[in-house]
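[1] structure for the following, please:
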Amino acid sequence: MSRRAFTLIELLVVIAIIAILAAFLFPVFIAARNATYQLSASRTSKDVMTAMSLYLSDHDDTYPLAMYVDADGLQTWFGHGNMSGNNQFDNSKGILASYIKGKLGGDKALVADHYLGDEAGIGYNYGVIGGDFHLTGDYSGFPNCKGAARGSELTESSRTVVLATTAFYNAKWLTNGDGKKYEFNFFDPPSAWHGNPNIDFRHFGKLVVDDAAKKVSPTGNAIVAFADTSVHTYKVGQLKEEWFWRLKTAQ
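    Numbers count the residues shown, from 1 in each chain. Predicted coordinates for the structure are as follows:
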């Protein structure tokens, strides 16, 4: 007894059903993947804040310097670079390395080229917490940070930003701008963004770039960690300038 072959109409119907199911399921898969990436970044931020707390306990309630030049290159809170031009950092030699158990997980939502950063894509409030550049307005010593914050200086630890998801978009209107995103494990208060945030709102969103207006408008979420070690998710318009400073009268 011979088996009946599928007719062309039947095959087209099956293909159409599969296409309809894929159209429904694909957004669900994308949302699930993005949720996983965001959760991973939140956990990494929590791990680094735990390391910060341990560092504070061992260093007279003082936060680690964000970065400084030493005899071998650039020492940063997350790693050490030899300044050879390849922008690669040894994360096992970061200031916080001994306080972080194992290698920090890479944030797969971070699609960026190497610069001053690692695959985790978590940045430090370098000019206010990891140094005092933004407080004094004196940038002549850059990149040698000094005057890191003491925990006792933070009048509202639950509303003082220490870490956030970061990357630097090298906008085309900047000097040598190439329109690419780079790993960058530091960030500034919003008043210093000038239309181009270096906190990275990469989860569940994208960058909307207006070259004519010289403005970058991210639509996604950023992971932000506060001095009390709490971690939260924000969109760009939800972040408040006063959260980025030590004393609320020092803005």
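[2] tell me the first helix or strand C-terminal of the longest helix along the chain.
    Assignment by DSSP state H gives helix 8-58 as the longest helix of the chain. Beyond helix 8-58 on the C-terminal side, the first helix or strand identified by DSSP states H and E is strand 67-70.
[3] packing partners of that next one?
    strand 73-76 (3 or more CB pairs under 8 Å, 6 or more residues apart in numbering; DSSP states H and E). Every residue, glycine included, has its C-beta placed from N, CA and C.
[4] for Val48, give me its contacts.
    Shown here is Val48, whose contacts under the criterion CB atoms under 8 Å, 6 or more residues apart in numbering are Leu96, Ile100, Leu104, Ala120, Ile122, Leu163, Ala225.
[5] enumerate every residue touching the residue lying closest to Ser217 once chain neighbours are set aside.
    Sequence neighbours aside, Val208 is the residue nearest to Ser217 in space, at 4.4 Å (criterion: CB to CB, 6 or more residues apart in numbering). Contact analysis of Val208 by CB under 8 Å, 6+ apart lists Val216, Ser217, Pro218, Thr219.
[6] tell me, what residue is most central in this protein?
    The residue lying closest to the centre of the chain (CA atoms, centre = their mean) is Thr165, at 1.9 Å.
[7] what count of nearby residues applies to Thr44?
    Around Thr44 there are 23 other residues, counting by other CB atoms under 10 Å.
[8] would you mind measuring from it to Gly130?
    According to CB to CB, to the nearest Å, Thr44 and Gly130 sit 18 Å apart.
[9] how about Met67?
    According to CB to CB, Met67 and Gly130 sit 8 Å apart.
[10] thinking again about what came up before, from the contacts of Val208, list the buried ones, please.
    Val216, Ser217, Pro218 (16 or more other CB atoms under 10 Å).
[11] report pLDDT for the second one.
    With respect to pLDDT, Ser217 scores 95.
[12] which residues does it contact?
    With CB under 8 Å, 6+ apart, Ser217 has these contacts: Leu207, Val208, Val209, Asp210, Val236.
[13] hey, where'd the helices end up in this structure?
    Here the chain has its helices, by DSSP H, at 8-58, 133-136.
[14] any idea which of those helices is most buried?
    Stretch with highest mean neighbour count among those: helix 133-136 (a mean of 18; mean count of other CB atoms under 10 Å).
[15] which other residues reach that one?
    Identification of contacts with helix 133-136 by CB under 8 Å, 6+ apart yields 126-128, 139, 142, 145, 147, 188-189, 192, 245-246, 250.
[16] give me the buried subset of the residues you listed.
    Looks like these have Tyr126, Gly127, Val128, Cys145, Asp188, Pro189, Trp245, Arg246 buried, using 16+ other CB under 10 Å.
[17] out of those, which two sit at the greatest distance?
    The span of the buried ones among the contacts of helix 133-136, defined through CB to CB, is set by Cys145 and Trp245 at 16.2 Å.
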